[in-house]
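J.: below are the sequence and a predicted model for it; my questions follow.
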Amino acid sequence: MKITAYLSFDGQCEAAFKFYAETLGGEIQGLFKYGESPMADQVPPQCANQVMHATLALKDQTIMAADVPGRYETPRGFSMTIGLSEPAEAERIFAALSEGGKVTMPLQETFWAVRFGMLTDRFGIPWMINCEKPMAG
């Protein structure tokens, strides 16, 4: 079984996925627009260039997303979480994702992590960056 996050955007899916691919080192494997789909003649003109479905591959993981015109709601009740082993990488990713967004907990050391922080990026997606301390063995 594999669980994949499917994110909803309000017209910014393509920009978000290009940013995530660059920031997280992924590759967009598919990006399909409403205006290029078999239902293109049923799509309002203002939605033709919006994303109907996108797939972003991040090594052995995947994130999927779409623009959801007329049905978009601000994300809440979840966070995309990135687990890292290198504090410098946690700092780089946190800085990139928080640019133009809102930091809800600055990246810092906690009792369980070398670095942990929370933010909502400029596209409205909530993230947690977690660089755990090595487990005592």
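T.: Sure, I can see it.

J.: list the residue ranges of the chain that fall below the pLDDT cut-off.
T.: 136-137 (pLDDT under 70).

J.: how about the helices in it?
T.: 13-24, 87-98 (DSSP state H).

J.: pipe these into TSV and attach distance to residue 68 and mean neighbour count per row.
T.: Bear in mind the C-beta positions are built from the backbone N, C-alpha and C, glycine included. Shown next, in TSV, are the helices of the chain (distance: least, Cβ to Cβ, whole Å; neighbours: other Cβ atoms under 10 Å):
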stretch	distance to residue 68	mean neighbour count
helix 13-24	9	18
helix 87-98	22	18
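
J.: want to throw the ones you listed into TSV with distance to residue 48?
T.: Shown next, in TSV, are the helices of the chain (distance: least, Cβ to Cβ, whole Å):
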stretch	distance to residue 48
helix 13-24	13
helix 87-98	29
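
J.: and those helices: which comes nearest residue 54?
T.: helix 13-24 (5.2 Å; Cβ to Cβ).

J.: to what extent is residue 116 buried, counted in neighbours?
T.: Using other Cβ atoms under 10 Å, residue 116 has 21 neighbouring residues.

J.: gap between it and residue 7?
T.: Distance from residue 116 to residue 7, counting by Cβ to Cβ, to the nearest Å: 22 Å.

J.: kindly report the same for residue 70.
T.: 17 Å.

J.: got a list of what residue 131 touches?
T.: 83-87, 89-90, 113-116 (Cβ atoms under 8 Å, 6 or more residues apart in numbering).

J.: how does it look with 7 Å?
T.: Counting by Cβ atoms under 7 Å, 6 or more residues apart in numbering, residue 131 touches 84-87, 90, 113-115.

J.: where do the strands sit along this protein?
T.: 5-9, 27-33, 51-58, 61-67, 80-83, 102-108, 113-120, 126-132 (DSSP state E).

J.: of all those, which one comes closest to residue 42?
T.: strand 51-58 (11.8 Å).

J.: tell me the strands beside the closest one, with direction?
T.: Sheet partners assigned to strand 51-58 using DSSP bridges are listed as strand 27-33 (antiparallel), strand 61-67 (antiparallel).
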